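Asks: model the following, please.
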Amino acid sequence: MLGCLVDGVPLDGHAEMIEDIYPLSSMQHGILFHTLDEHAAGLYVAQFCATFESTLSEVSIFRKAWEQVVERHPVLRTSFVWENVAESLQLVEYAVKLPWTEIDWLGLSEEQKVIALERHLEEDRARSFDIRKAPLMRVCIIRTDERHFDLIWSHHHLLLDGWSVLLVLSEVLSLYEGFRTENPVRLPYPRPYSDYIAWLQRHDLKPCEVFWRDRLKDCPRSSWPSNEYSSETSTASQRSFVRRVLRVPLDESARLERVLREHHLALNTVVQATWGMLLGHYSGERDVIFGATTAGRPVDLCGVANIVGVFINTLPVRLRLYDSESFLECSKRLQLEQSEAREYDYAPLVRIHDWSGLPGALSLFQSILVFDSYPHSESIGIQAERMGLRRSRIERPVNNYPVTATVRREPNLVLELTFQQQLATSKAEQILEDWRSLLKITAENINLPLVGLWAEVDGLARRSRMDEELFLRRDMQSKLENVRRASIALK
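Replies: So this is what the prediction gives:
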């Protein structure tokens, strides 16, 4: 592939440094487009932050593990070119130097360390990356005391999806463990990301066009959340994003999953169905459309589960809401439709937009739904704990959509909204509460007609407000009684 593409690519006299050149995947095209179009600091930058229990001498072998993983995977040595070429391309270099920074916070108090970490993460996101220069990732090690250090691994979403992030971390931890125990680990040779690009190029888009034209015929233009504020008039650089999280109690999560197993429904299906109902409720529409991420790893590509790169795709989900239909019927229908769509999930979103018939200036949807469910995540967690990892968190990349809804298991369900600040925080919190209520009522009566679901949600919200008001009144009465008793005692 390199020989065919190297002619005409502006390499600035460094052709001998280039190992491979190939086109972008569907998702990479979209990420590159918005990265260049929006010019927003921190857009599509992901961060992994973790605390390790380790001595100072082990930081050097930790660095060695990271450098070997970068050597193993071409995508981690990749940059991008889009100017003066017929199509955007990714360039893989034979070798890159991993940006590595070490900081000493031994003199800070615990409170100062917390503040300094949040400031560092914010500044690191704002730095973003020059996507014309590899590598599009960096590592920072912060020494917090004599027995612990913090890891901050930042990368651009053009390189990795969530599945691949876990693959990279697993390899780093395996190599690190081998170096620590002086028992070097031999990892299997990985298939390069270019094999997936070659798979994409072998597949014709014509069947995708036929399918998506039919699926999106006369599709509506989503009016939510644009009816809350104008998202069309501001660029990402003029917007700020806020996150809100709601953790569904473990008993509610377990009850829901038990009911879904009984009815052979996937949790992802019900998450999509309830999100579609929320959009219908807030927009007043009975035919709604939103984006949903798919794993995008083709089952007929051997070894695809262990390839590091960007496979996910964001595809439209169209849901028609019929009041007389039960939630179970609605979900079964959606599950069948999504199963049919899986065969055509490699189509680029920009082409699907063209096939939808909507004018180019109008977005196909304004919210996307992400369902985090990765294989081997539990085993990686056990491995990480054995290697001294004490706590971790992932700062997911902010995208260009006004609202991103994310659902994950921890092991209870966690609902998260990332939204433009123009959408009031109180509104976002109400959406999360309504979402939880929908899931709770679904678990209690999955055969309830859709028209009755919202009546149940509204009733639940009213009871919740009454309970809260009762609690506040009792709390105030208790405080007044304590003040009265204290006054008597003083006398």
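Asks: which residues in the stretch 201-350 of the chain form strands?
Replies: Residue ranges of the strands in the stretch 201-350 of the chain, as given by DSSP state E, counting those that start in this stretch, are 241-247, 287-294, 313-320.
Asks: okay if I get those as TSV plus mean neighbour count, mean pLDDT and distance to Q68?
Replies: C-betas here are computed from N, CA, C, even on glycine. Putting the strands of the stretch 201-350 of the chain into TSV (neighbours: other CB atoms under 10 Å; pLDDT from 0 to 100; distance: least, CB to CB, whole Å) gives the following:
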stretch	mean neighbour count	mean pLDDT	distance to Q68
strand 241-247	15	88	34
strand 287-294	21	94	30
strand 313-320	21	94	30
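Asks: distance to E410 added to those, as CSV?
Replies: Below are those laid out as CSV (distance: least, CB to CB, whole Å):
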stretch, distance to E410
strand 241-247, 8
strand 287-294, 18
strand 313-320, 23
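Asks: would you map the helices across the stretch 351-491 of the chain?
Replies: 377-386, 425-444, 450-490 (DSSP state H, counting those that start in this stretch).
Asks: D204 is nearest to which of the strands of the stretch 201-350 of the chain?
Replies: Closest to D204 of the strands of the stretch 201-350 of the chain is strand 313-320 (CB to CB; 16.8 Å).
Asks: outline the domain layout of the protein.
Replies: Domain ranges of the chain: 2-195, 204-366+401-463, per automatic domain parsing.
Asks: looking at these, which is nearest to I394?
Replies: Closest to I394 of those, according to CB to CB: domain 2-195, at 5.4 Å.
Asks: show me how far that closest one is from its chain's centre.
Replies: Relative to its chain's centre, domain 2-195 lies at 17 Å (CA atoms, centre = their mean, to the nearest Å).
Asks: okay, how far is it across stretch 179-193, tip to tip?
Replies: 27 Å (CA to CA, to the nearest Å).
Asks: just the buried positions in that stretch, please.
Replies: F179, P190, R191, P192, Y193 (16 or more other CB atoms under 10 Å).
Asks: and the gap between the third one and I197?
Replies: R191 sits 12 Å away from I197, going by CB to CB, to the nearest Å.
Asks: list the beta-bridge partners for I289.
Replies: R318 (DSSP bridges).
Asks: distance check, it against I352.
Replies: Distance, I289 to I352, using CB to CB: 11 Å.
Asks: anything in contact with each of those two?
Replies: Listed as contacting both I289 and I352 by CB atoms under 8 Å, 6 or more residues apart in numbering are L216, P316, L364.
Asks: ok, of these, which one's closest to V85?
Replies: Within those, proximity to V85 (CB to CB) peaks at L364, which comes in at 27.1 Å.
Asks: do you know the pLDDT at the closest one?
Replies: At L364, the model reports a pLDDT of 89.
Asks: contact partners for it?
Replies: Shown in contact with L364 (CB under 8 Å, 6+ apart): L216, C219, S222, I289, G291, P316, L349, I352, H353, S356, L358.
Asks: which residues touch the fifth one?
Replies: What that stands for is G291. When contacts are counted by CB under 8 Å, 6+ apart, G291 touches T314, L315, P316, V317, L349, L364, F365, S367, I368, L369, Y401.
Asks: quick check: the last one touching S367?
Replies: Spelled out, it's Y401. Yes: contact criterion CB atoms under 8 Å: Y401 and S367 qualify, at 6.2 Å.
Asks: re earlier: how about the domains of the chain, which one is nearest S373?
Replies: domain 204-366+401-463 (7.0 Å).
Asks: ok now the closest one, how far from the chain's centre?
Replies: Here the centre of domain 204-366+401-463 is set off from its chain's centre by 14 Å, with CA atoms, centre = their mean.
Asks: can I get the shared contacts of I289 and I352 in JSON lines including distance to R125?
Replies: Listed next are those as JSON lines, based on distance: CB to CB, whole Å:
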{"residue": "L216", "distance to R125": "34"}
{"residue": "P316", "distance to R125": "29"}
{"residue": "L364", "distance to R125": "27"}
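Asks: tell me where the stretch 151-300 of the chain has helices.
Replies: Counting by DSSP H, counting those that start in this stretch, the helices of the stretch 151-300 of the chain are 162-180, 194-202, 206-215, 250-262, 267-283.
Asks: adding distance to A95 and mean pLDDT, write those out as JSON lines.
Replies: Shown next, in JSON lines, are the helices of the stretch 151-300 of the chain (distance: least, CB to CB, whole Å; pLDDT from 0 to 100):
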{"stretch": "helix 162-180", "distance to A95": "18", "mean pLDDT": "91"}
{"stretch": "helix 194-202", "distance to A95": "17", "mean pLDDT": "96"}
{"stretch": "helix 206-215", "distance to A95": "38", "mean pLDDT": "96"}
{"stretch": "helix 250-262", "distance to A95": "46", "mean pLDDT": "96"}
{"stretch": "helix 267-283", "distance to A95": "40", "mean pLDDT": "93"}
